[in-house]
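Asks: based on what follows, work out the 3D shape:
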Amino acid sequence: MVDVESEGGVVRIFLNRPEKVNALHSPLLESLLESIQRVEHARELRVMVLGGRGKAFCGGADVGELSALDAESAPRFVEKIHAVCRAIRKLPLPVVARLHGAVIGAGLEIAAACDLRIAAEATIFSMPEVRLGIPSVVEAALLPRLMGSGRAAWLVLTGEPIDARRAHEWGLIEEIGNDDAVDQVVRVLLKNDREALRMQKQLLQLWEEAPLASSIEKSIALFGESKK
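Replies: Numbering: from 1, shown residues only. Purely as a prediction, here's the structure:
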């Protein structure tokens, strides 16, 4: 379900269900979560790259499993998606999303939970849940923070796809490029201090949610810790 490669302080995790466009069903989500949790405790690792095997990063939640959900099982399924996103955001190292092909629905939520997103030129992004009779939930809440409320609303209300150029213009991705672009970002990250990156990631997430005064107060405290 998940391929893991590790070398030189970099771990690369790939969704590996290419025959289903890496659609997220429970076994894949559970395997991905376990792999990310192992990364959290591997002190030798400095950067994580998350990608997908085959023609696409992720085609969204598995339609077969979605169609079988009811009012009782549906929250448990989306909690599995949330658990993966939460684990990515909790990691004490930067996570780079390597995107290509299609980045759809829950796959886009997982990409949004990463720290940096680099997409191939032909990549397509969409949040089509409303067309399936369900709302976009869990880490779709990150989209207004990345793109602004109007652009996020366009994605989740229309269900229409956007291409990589528009995704870049809208702030959904940081760069358009191939594996060379991903490797370049990884090399830059590896040059930086491990502990400073951990603190900076923590602050970035705080800045998304906390009031300005609280963000500044915590920033000052962490700056003091960096001098110990």
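
Asks: max-length helix in the chain?
Replies: Counting by DSSP state H, the longest helix found in the chain is helix 73-90.

Asks: next SSE downstream of that one?
Replies: Next along the chain after helix 73-90, taking DSSP states H and E as the criterion, comes strand 95-99.

Asks: and that next one, average pLDDT?
Replies: For strand 95-99, mean pLDDT is 98.

Asks: next one: stretch 202-217
Replies: Averaged over stretch 202-217, pLDDT sits at 90.

Asks: same question for stretch 122-136.
Replies: In this model, stretch 122-136 carries a mean pLDDT of 97.

Asks: who's in contact with that stretch?
Replies: Applying C-beta atoms under 8 Å, 6 or more residues apart in numbering, the contact partners of stretch 122-136 are 57, 60, 66, 99-105, 108-109, 119, 137, 140, 143, 155-164, 167, 172. C-betas here are computed from N, CA, C, even on glycine.

Asks: end to end, how far does that stretch reach?
Replies: End-to-end distance of stretch 122-136 (C-alpha to C-alpha, to the nearest Å): 24 Å.

Asks: in it, what counts as buried?
Replies: Buried residues in stretch 122-136, defined by neighbour count with 16 or more other C-beta atoms under 10 Å: 123-129, 136.

Asks: this structure: strands as residue ranges?
Replies: 2-7, 10-15, 47-52, 95-99, 102-104, 116-119, 124-126, 162-163, 175-176 (DSSP state E).

Asks: out of these, which is closest to Lys228?
Replies: Closest of the strands of the chain to Lys228 is strand 47-52, at 24.2 Å (criterion: C-beta to C-beta).

Asks: was I right about Ile118 contacting Gly177?
Replies: Yes - Ile118 lies in contact with Gly177 (C-beta atoms under 8 Å); the separation is 5.5 Å.

Asks: so for these two, which sits in the more crowded spot?
Replies: Counted by other C-beta atoms under 10 Å, Ile118 and Gly177 do not tie: Ile118 has more neighbours, with 28 against 18.

Asks: what sits up against stretch 21-28?
Replies: So stretch 21-28 is contacted by 1-2, 15-17, 52-65, 77, 80-81, 101-102, 106-107, 110 (C-beta under 8 Å, 6+ apart).

Asks: now it: average pLDDT?
Replies: Stretch 21-28 comes out at a mean pLDDT of 98.
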